[in-house]
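> Next comes the sequence, and after it the predicted model I'd like to discuss.
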Amino acid sequence: MKFTIFTLFPEMFAPLEVSMLKRGREAGLLFFDLVDFRDFSGSRHKNADDTPYGGGGGMVLKPEPLYAAVASLPPPAGSRRKVLLTPQGELFSQRRAAALAAYDELVLFCGHYEGFDERIRALADEEISVGDYVLTGGEVAALVLVDAVARLVPGVLGQSGAVCSDSHATGLLEHPHYTRPPVFAGQKVPEILLSGHHAAIARWRRKESLRRTFLRRPDLIPGALAFLGGGGRDGSAEQAFVWQEGDYALLEELAAEEEGIRLCRPLWAHLRPRERRGRRRRRRDG
């Protein structure tokens, strides 16, 4: 997968040369092209910004350099998606990362200063925000997007199962992890993880994922905020959450252990297994 990144500060992308992103590049799975769009400025001093019409503080990125930079792109070798990083964009999520990972190339526009000239927006296929806060520039946001998408490219992480169980990949937060030693500072690894019983371990992990999500991010569970009386936006519609067979028993156990989860009991009432009625034997008189 190729990432073409338009930026005024290519040196901010040093993290692309470490860890999994570097390995992915060396393995020929990831390609990074950093383009300083200041080089496409037609002015003598290579200005990429100017004062805003109507007055106000800050400087605004000029449209000419970015339009010229985009025009210089070679024809796409496959599917290409152009993304503008801006706090006004759609909130980035794991589901959006998975959708973007399906493209052969992502072209990212990193803003800076006060923002983009409004006409620059026409260059992008979509606008993305990495959170409800403001950064000094789009470079850090671009790194977040690149990292989240690149790790979904087959082969980059090695084990595909690790990606499938990530927090948010299934709509739930990920279960707790433990490694050696079995006891540290008086804290023991749960016995079930040492048992070697794979089915029991899978059940424990699902239960702990449900626990963590209900207690830490109830907004990810469809309808949970209404029962907990919490504020904020219910983002469940954007997630991949799906109830699974066997969740009813796990949730009933959690309800007995956690008062906060017990309040949400109506949410899983529909999962209750139906009682099986015994078959009536019919006898005919001979």
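It's in.
> most residues in a single strand of this structure, which one?
For the chain, the longest strand by residue count, based on DSSP state E, is strand 80-91.
> Identify the residue spatially nearest to residue 86, adjacent ones excluded.
residue 127 (5.2 Å; Cβ to Cβ, 6 or more residues apart in numbering). Glycine gets a C-beta too; all of them are placed from N, C-alpha and C.
> quick one: low-confidence ranges for the stretch 101-250 of the chain?
Residue ranges of the stretch 101-250 of the chain with pLDDT under 70: 159-169, 230-240.
> If we use 80, what do you get?
By pLDDT under 80, the low-scoring segments of the stretch 101-250 of the chain are 158-170, 228-241.
> In it, mark out all the helices, start to finish.
138-150, 160-164, 191-194, 198-216, 224-228, 247-257 (DSSP state H, counting those that start in this stretch).
> Looking at the ones you listed, which is nearest to residue 9?
Closest to residue 9 of the helices of the stretch 101-250 of the chain, according to Cβ to Cβ: helix 138-150, at 5.7 Å.
> Distance from the chain centre to that closest one, please.
In terms of Cα atoms, centre = their mean, to the nearest Å, the centre of helix 138-150 is set 10 Å apart from its chain centre.
> related to what we said a few turns ago, in the longest strand of the chain, what's buried?
By neighbour count with 16 or more other Cβ atoms under 10 Å, strand 80-91 contains the buried residues 80, 81, 82, 83, 84, 85, 86, 87, 89.
> Check stretch 205-223 too.
Applying 16+ other Cβ under 10 Å to stretch 205-223 flags 205-214, 217-222 as buried.
> C-alpha coordinates for that stretch, PDB please?
Extracted in PDB, the C-alpha atoms of stretch 205-223 (Å, rounded to 0.1, in the frame of the first residue of the first chain):
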ATOM      1  CA  ARG A 205     -11.400 -13.000  27.200                       C
ATOM      2  CA  ARG A 206     -14.900 -12.300  25.800                       C
ATOM      3  CA  LYS A 207     -16.300 -11.700  29.300                       C
ATOM      4  CA  GLU A 208     -13.500  -9.300  30.200                       C
ATOM      5  CA  SER A 209     -13.900  -7.400  26.900                       C
ATOM      6  CA  LEU A 210     -17.600  -7.000  27.800                       C
ATOM      7  CA  ARG A 211     -16.700  -5.900  31.300                       C
ATOM      8  CA  ARG A 212     -14.100  -3.300  30.100                       C
ATOM      9  CA  THR A 213     -16.400  -1.900  27.500                       C
ATOM     10  CA  PHE A 214     -19.400  -1.500  29.800                       C
ATOM     11  CA  LEU A 215     -17.300   0.100  32.500                       C
ATOM     12  CA  ARG A 216     -15.000   2.300  30.500                       C
ATOM     13  CA  ARG A 217     -16.700   3.000  27.100                       C
ATOM     14  CA  PRO A 218     -20.400   2.300  27.500                       C
ATOM     15  CA  ASP A 219     -21.000   4.500  24.400                       C
ATOM     16  CA  LEU A 220     -19.700   1.600  22.300                       C
ATOM     17  CA  ILE A 221     -22.600  -0.600  23.400                       C
ATOM     18  CA  PRO A 222     -25.800   0.100  21.600                       C
ATOM     19  CA  GLY A 223     -28.200   1.900  24.000                       C
END
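> Could you check how far the residue sitting nearest the centre point of the chain is from residue 152?
The centroid of the chain falls nearest to residue 94 when counting by Cα atoms, centre = their mean (2.5 Å). According to Cβ to Cβ, to the nearest Å, residue 94 and residue 152 sit 9 Å apart.
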